[in-house]
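Asks: Please find the sequence and the predicted model below.
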Amino acid sequence: MFIPLPVRVPKVVKWYYNQYVWDKFRESEKKKELFLTFDDGPIPEVTPWVIETLNNYGAKATFFCIGDNVRKHPEIIKLHEDAGNTVANHTMNHLKGWVTPKGDYVNNVLQAEAMINEHISTPLRKMLRPPYGKIKANQAKELIKEGYEIILYDVIAYDWDKEVSPEKCYDNIAKNVKSGSIIVFHDSLKAERNMKYALPRVLEKFTEEGYTFKAL
């Protein structure tokens, strides 16, 4: 387990939890690459807008999808595939790992995997973003045995936080990323206001600076 993190994850945290993926610095240091990720979708009110906005900049991203949202809105997964984005796992029911028994948590992840696989043309890449960034060591160990990578992040927008202004959300990204950063946004109603302000500005700024946006 680990405590809530600042906008930019400290190096000591990444070192201590080195069994998780926090960034792509080693692979991307000289390539000017950034890795946008979106949690909590898909939902029709927000996700198609995100995909269209990414397409406008030739950007790719990774979407950590809640299995139950995929069940409700399977048509949106086709939009991800058409755009060349990566679909990944965010559990079936957005579980809090710290308060969920290991077996229940692992089974929930596998339920989401099965649900997503029903609606995509190629098998799901086994990448999990734990909801709330909270996962117990025994849960992670079991999922790694199942072939999963646990994907966390280098920089988080805090777009869902009502106390964070749209401008601050943008600054959280613009002032903290470097080549190889894995960045967290959310394609959710709670995050919609801040994310819709920040995302196009982040895409514009870093595209003009010669960065490319890639899926994991």
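Replies: Cool, got the structure. Numbers count the residues shown, from 1 in each chain.
Asks: make it CA atoms for all contacts and neighbour counts henceforth
Replies: Fine.
Asks: Buried by neighbour count: which residues of whichever helix or strand Leu79 is part of qualify?
Replies: In this assignment (DSSP states H and E), Leu79 forms part of helix 75-83. Neighbour-count burial for helix 75-83, counted by 16 or more other CA atoms under 10 Å, picks out 76-77, 80, 83.
Asks: Can I get it in PDB, CA atoms only?
Replies: The C-alpha trace of helix 75-83 is given here as PDB (Å, rounded to 0.1, in the frame of the first residue of the first chain):
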ATOM      1  CA  GLU A  75     -20.200   0.600 -28.900                       C
ATOM      2  CA  ILE A  76     -17.600   3.000 -27.600                       C
ATOM      3  CA  ILE A  77     -14.900   0.300 -27.600                       C
ATOM      4  CA  LYS A  78     -15.100   0.200 -31.400                       C
ATOM      5  CA  LEU A  79     -14.300   3.900 -31.400                       C
ATOM      6  CA  HIS A  80     -11.100   3.100 -29.500                       C
ATOM      7  CA  GLU A  81     -10.100   0.400 -31.900                       C
ATOM      8  CA  ASP A  82     -10.800   2.500 -35.000                       C
ATOM      9  CA  ALA A  83      -8.600   5.300 -33.500                       C
END
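Asks: So which elements touch the next helix or strand after it?
Replies: For helix 75-83, the succeeding helix or strand toward the C-terminus, using DSSP H and E, is strand 86-89. In terms of contacts (3 or more CA pairs under 8 Å, 6 or more residues apart in numbering; DSSP states H and E), strand 86-89 is packed against strand 61-65, helix 75-83, helix 102-117, strand 127-128.
Asks: rerun at 7 Å
Replies: Contact partners of strand 86-89 among helices and strands, from 3 or more CA pairs under 7 Å, 6 or more residues apart in numbering; DSSP states H and E: strand 61-65, strand 127-128.
Asks: From the chain's centroid, how far away is that strand?
Replies: Offset of strand 86-89 from its chain centre (CA atoms, centre = their mean, to the nearest Å): 8 Å.
Asks: likewise stretch 205-216?
Replies: Using CA atoms, centre = their mean, the offset of stretch 205-216 from its chain centre is 16 Å.
Asks: Contacts for that stretch, please.
Replies: Stretch 205-216 has contacts (CA atoms under 7 Å, 6 or more residues apart in numbering) with 32-36, 59-62, 85-86.
Asks: Repeat the analysis, applying 6 Å as the threshold.
Replies: 32-35, 59-62, 86 (CA atoms under 6 Å, 6 or more residues apart in numbering).
Asks: Spatially central residue in this protein, please.
Replies: Thr37 (3.4 Å; CA atoms, centre = their mean).
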